[in-house]
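In: sequence unavailable; structure follows:
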Ligand SMILES: [Zn+2]
């Protein structure tokens, strides 16, 4: 887990207002400074997670996302800018994150999560955030995070609905417990307002901050399900699958 | 007895509504609820919920109140209970 790193005067000036949170304080900020987080894809959801984590002072952010900026990204992918159309997404993301906070390290990986890179990317960080638009990438990240015993925050959305859960290996269900097979009806393109993906993202970012700094209660064994059409927010109790091929062998 | 059913994500699209109420015989369990939904929405929603053998697809999540329940879990629902049918979602 993350090592505490001493704060400079500039750090104190930047993070002062969040350090007023009593359960967080100086120690929490020092822990964030010494921590690292992988964000899988920096689209409408992961981009806002990364932005909030950069603002909060996570010491090292690794952003993984393949491809170039398209016009249809710009309604929600807040790290992408109009002047970067046709150019690599991770470049736009790293530039925007460093404009916001030049004191942190941002590493761009111009690839999505694959069998080839999952172990290395997860091994490089303390906590991972799962925000890819395809189940196959989420399952890979989940499998690798559980294998390495790392906390994974999973946030997903569709239309005005979103879900957030935090996989703490052995302490609650993993993503494969919830969804044992690749859902055949899921498609990569889906209805989305940036305000919906961004709401899920802010909750996911707070889960990552809490997981690293060790305060509050995580969504382990719980699935937050909300619908911004009617503003219902519900915390569902979800179960481990004892036969889960990914986490079934772990003791609770 | 009356059972309220809520639809999440693609299930809402397929049902054409966010939720509705079903009249079921007392002591009905989760399978009776899902089958009543599939009968009322014989097209796309029935296909998303159940496979050819009439068994729930593994990626659909079921909740009674705020608790997840399994397809083959014995549970008799109470009058006025809310069952939530959640389609898997992965938008990022
Ligand atoms: Zn599992």
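Out: Arrived safely, thanks for sending. Since this is a predicted model, take the numbers as computed values, not measurements.
In: beta partners of the residue nearest to residue A:130 when sequence neighbours are not counted?
Out: Distances taken as Cβ to Cβ, 6 or more residues apart in numbering or on different chains place residue A:154 nearest to residue A:130, at 4.3 Å, with adjacent residues excluded. The way it works is simple: take the backbone N, C-alpha and C, and place the C-beta from them, glycine included. Note on residue A:154: beta-bridge partners by DSSP bridges are residue A:130, residue A:165.
In: contacts only, for residue A:154.
Out: By Cβ atoms under 8 Å, 6 or more residues apart in numbering or on different chains, the residues touching residue A:154 are A:130, A:138, A:142, A:163-167, A:175, A:204.
In: same thing with residue A:153?
Out: A:127-130, A:164-167, A:204, A:207-208, A:211.
In: and it, what pLDDT?
Out: Per-residue pLDDT puts residue A:153 at 99.
In: distance check, it against chain B.
Out: Applying Cβ to the nearest Cβ, to the nearest Å, the value for residue A:153 to chain B is 12 Å.
In: ok, residue A:59 next?
Out: For residue A:59, the distance to chain B - Cβ to the nearest Cβ - is 24 Å.
In: look up the closest residue to that residue, ignoring the ones flanking it.
Out: Nearest non-adjacent residue to residue A:59 (Cβ to Cβ, 6+ apart): residue A:33, at 4.8 Å.
In: so which residues of chain A form helices?
Out: In chain A, the segments counted as helices under DSSP state H are A:9-19, A:25-33, A:46-56, A:89-100, A:118-123, A:135-147, A:175-178, A:194-213.
In: tell me which of these sits nearest to residue B:68.
Out: Residue B:68 lies closest, by Cβ to Cβ, to one member of those: helix A:175-178, at 8.6 Å.
In: which strands and helices sit next to that closest one?
Out: helix A:135-147, strand A:161-167 (3 or more Cβ pairs under 8 Å, 6 or more residues apart in numbering or on different chains; DSSP states H and E).
In: contacts for the first one, please.
Out: By Cβ under 8 Å, 6+ apart, the residues outside helix A:135-147 that reach it are A:40-41, A:112-115, A:118-119, A:122, A:128, A:130, A:132, A:151-152, A:154, A:156, A:167, A:169, A:174-176, A:179, A:182-183, A:186, A:246-247, A:250, B:88, B:90.
In: so which of those residues reach the ion?
Out: Here is what survives when the contacts of helix A:135-147 are matched to the ion using Cβ under 5 Å from the ion: A:174, A:176, A:246-247.
In: which members of those residues are positioned in strands?
Out: If you go by DSSP state E, these have nothing in strands.
In: near chain A, which residues of chain B show up?
Out: Within reach of chain A by Cβ under 8 Å from any Cβ of the partner chain, chain B has these residues: B:8-10, B:12-13, B:18, B:48, B:57-59, B:61, B:63, B:66-68, B:70, B:84, B:86-92.
In: of those, which belong to strands?
Out: Judged by DSSP E, the subset of the residues of chain B next to chain A located in strands is B:8, B:61, B:63, B:67-68, B:84, B:86.
In: which pair in these spans the largest distance?
Out: Every pair of those checked by Cβ to Cβ; the farthest is B:8 and B:67, at 15.1 Å.
In: with neighbour numbers in mind, choose between these two.
Out: residue B:8 (26 against 13; other Cβ atoms under 10 Å in any protein chain shown).
In: what lies in contact with the helix ranked longest in chain B?
Out: Counting residues, the longest helix in chain B under DSSP H turns out to be helix B:30-40. Helix B:30-40 is contacted by residues B:3, B:5, B:15, B:20, B:22, B:24-25, B:45-46, B:49-50, B:54, B:56, B:62, B:64, B:69, B:71, B:73, B:75, B:77, B:83, B:85 when judged by Cβ under 8 Å, 6+ apart.
In: buried residues in that helix?
Out: Neighbour counts over helix B:30-40 (16 or more other Cβ atoms under 10 Å in any protein chain shown) mark B:30-38 as buried.
In: and those, which is closest to chain A?
Out: residue B:30 (13.9 Å; Cβ to the nearest Cβ).
In: what residue, apart from its backbone neighbours, is nearest that closest one spatially?
Out: Per Cβ to Cβ, 6+ apart, closest to residue B:30 is residue B:69, 5.4 Å.
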